[in-house]
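A.B. asks: Structure of the sequence below:
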Amino acid sequence: MESVKEFQCPACGAALAFVPGTQEVHCDHCGKDVPVSILQTQQQEAESRGFDWGDYKRNLDGEHLTNTNIYNCQSCGAIIETDATTAATKCPYCDSNVVLTDRLSGSLRPNAVIPFQIKASELPGIVKAFYKGKKLLPTNFFNSAKISKTLGVYVPFWLYNCRLQGAVNLNGTIVTHYSDKDYDYTSTSHYLLAREGEMAFQHVPVDASVKMDNNLMDSIEPFDFSKMVAFNDAYLAGYVADHFDSDPDAELPRADARMRNSVSQMFAGAESGYTSVSVRNNAMKMVDAAVQYVLLPVYLLHCEYNGKMYQYAINGQTGKIVGELPISKAQAFVFFLKAFAIAAAIAFAVCVLLQ
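C.D. replies: Numbers count the residues shown, from 1 in each chain. The predicted model follows:
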């Protein structure tokens, strides 16, 4: 049976939930606000230190996730089954906010968290601004019948810190044009540009959840990591939180590719006097790599259209929303007819003026 922590109001005993943009949890029943710091439990040294990459590797055989687990709700006594990566949830019987502390202890404990800053009440306006002006969007796509309940999720991320050092070879070209009395000429000179250097990186994020779409999670960046705070499980009250299910070593190539791309762009952008510059090869090596395990705030919602489910993610810190929008064939046809009519009218007017 999983260990469970429920955050209850000290005044009336009702469930507490973290309030985005504050350092408080709130009781909807009696209206009492409680500072997060008061709910901070005393942790053993290992728990206070949180995730450590070296410890994690040494303990891979000792700490692992199974497919499902069960917990006992301390408010109503219900026994609930969860998947192996759920770290915080709600009891479906009494709606109490619970945190599964076994998923967040020892070397499984996150190093830090960015608390939610965007309130759920702000989401309808964010969604409306997202689809406003999209003329090819199906009518009433984001109506109440098609849109799912928005879910606030703390998504697990790896944050990589390291330096890349070594060499980058670039292809440079200089194009010149000249003419004589008979012809116009174009001359292209090619250069191999060998460059060396290093670049330091901090807080390169890669989502650590297999169930989350990588492109979606990459697209809701950036997060402001200066607002990151030490992990406190009180921030999870009222939200769903996932535990990582993707190994930091397995995700390291994704971080390395992002950093290499940044280095290539930096070297290419630093060259001047060339008509074009492109990367020939990048031989930069990663040194002094370190990783942190953090939870980042994301709202998720879905819309169904023509048998297809569209997923959207909203950055819970900045309000940035990303996701694919469908195109209505009927709307597109009407748009084409209007554009064709305008073009035909302009062409007709030109012909009249030329007569």
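A.B. asks: hey, C-alpha coordinates of the helix or strand harbouring residue 268 in CSV?
C.D. replies: Secondary structure assigned from DSSP states H and E places residue 268 in helix 248-270. Extracted C-alpha coordinates of helix 248-270, given in CSV (Å, rounded to 0.1, in the frame of the first residue of the first chain):
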residue,chain,number,x,y,z
PRO,A,248,18.1,10.7,-17.6
ASP,A,249,20.8,8.8,-19.5
ALA,A,250,18.3,7.8,-22.2
GLU,A,251,17.2,11.4,-22.6
LEU,A,252,20.8,12.8,-22.7
PRO,A,253,21.0,12.6,-26.5
ARG,A,254,18.0,14.9,-26.9
ALA,A,255,19.6,17.5,-24.7
ASP,A,256,23.0,17.0,-26.5
ALA,A,257,21.3,17.6,-29.9
ARG,A,258,19.6,20.8,-28.6
MET,A,259,22.9,22.1,-27.3
ARG,A,260,24.9,21.2,-30.5
ASN,A,261,22.3,23.0,-32.6
SER,A,262,22.7,26.1,-30.4
VAL,A,263,26.5,25.9,-30.8
SER,A,264,26.3,25.5,-34.6
GLN,A,265,24.0,28.5,-34.8
MET,A,266,26.3,30.6,-32.7
PHE,A,267,29.4,29.7,-34.7
ALA,A,268,27.7,30.3,-38.0
GLY,A,269,26.1,33.5,-36.9
ALA,A,270,29.5,34.9,-35.7
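A.B. asks: check contacts around residue 191.
C.D. replies: 171-174, 274 (C-beta atoms under 8 Å, 6 or more residues apart in numbering). From N, CA and C alone the C-beta is placed, and that goes for glycine too.
A.B. asks: thinking again about what came up before, mean confidence score for the helix holding residue 268?
C.D. replies: Averaging pLDDT along helix 248-270 yields 91.
A.B. asks: And stretch 148-161, by the same measure?
C.D. replies: Rounded mean pLDDT across stretch 148-161 is 88.
A.B. asks: what's stretch 170-181 in contact with?
C.D. replies: Outside stretch 170-181, the residues touching it (C-beta under 8 Å, 6+ apart) are 184-193, 195, 267-268, 271, 273-280.
A.B. asks: One more pass at 7 Å, please.
C.D. replies: 184-193, 195, 267-268, 271, 274-280 (C-beta atoms under 7 Å, 6 or more residues apart in numbering).
A.B. asks: hang on, isn't residue 319 packed against residue 126?
C.D. replies: Yes. Here residue 319 reaches residue 126: they are 5.3 Å apart, a contact under C-beta atoms under 7 Å.
A.B. asks: hang on, the earlier thing: mind listing what's buried along the helix holding residue 268?
C.D. replies: For helix 248-270, burial by neighbour count (16 or more other C-beta atoms under 10 Å) applies to 248, 251-252, 254-256, 258-260, 263-264, 267-268.
A.B. asks: do the same with stretch 275-285
C.D. replies: Neighbour-count burial for stretch 275-285 [16+ other C-beta under 10 Å]: 277, 279, 282, 284.
A.B. asks: Quickly find the element holding the first one.
C.D. replies: Element membership of residue 277 [criterion: DSSP H and E] is strand 276-282.
A.B. asks: Who are the packing partners of that strand?
C.D. replies: strand 151-179, helix 248-270 (3 or more C-beta pairs under 7 Å, 6 or more residues apart in numbering; DSSP states H and E).
A.B. asks: Please convert the ones you listed to CSV, extending it with distance to residue 315.
C.D. replies: Formatted as CSV, the helices and strands packed on strand 276-282 follow (distance: least, C-beta to C-beta, whole Å):
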stretch, distance to residue 315
strand 151-179, 10
helix 248-270, 18
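A.B. asks: what's the closest of those to residue 218?
C.D. replies: For those, distance to residue 218 was read as C-beta to C-beta. The smallest value, 8.6 Å, belongs to helix 248-270.
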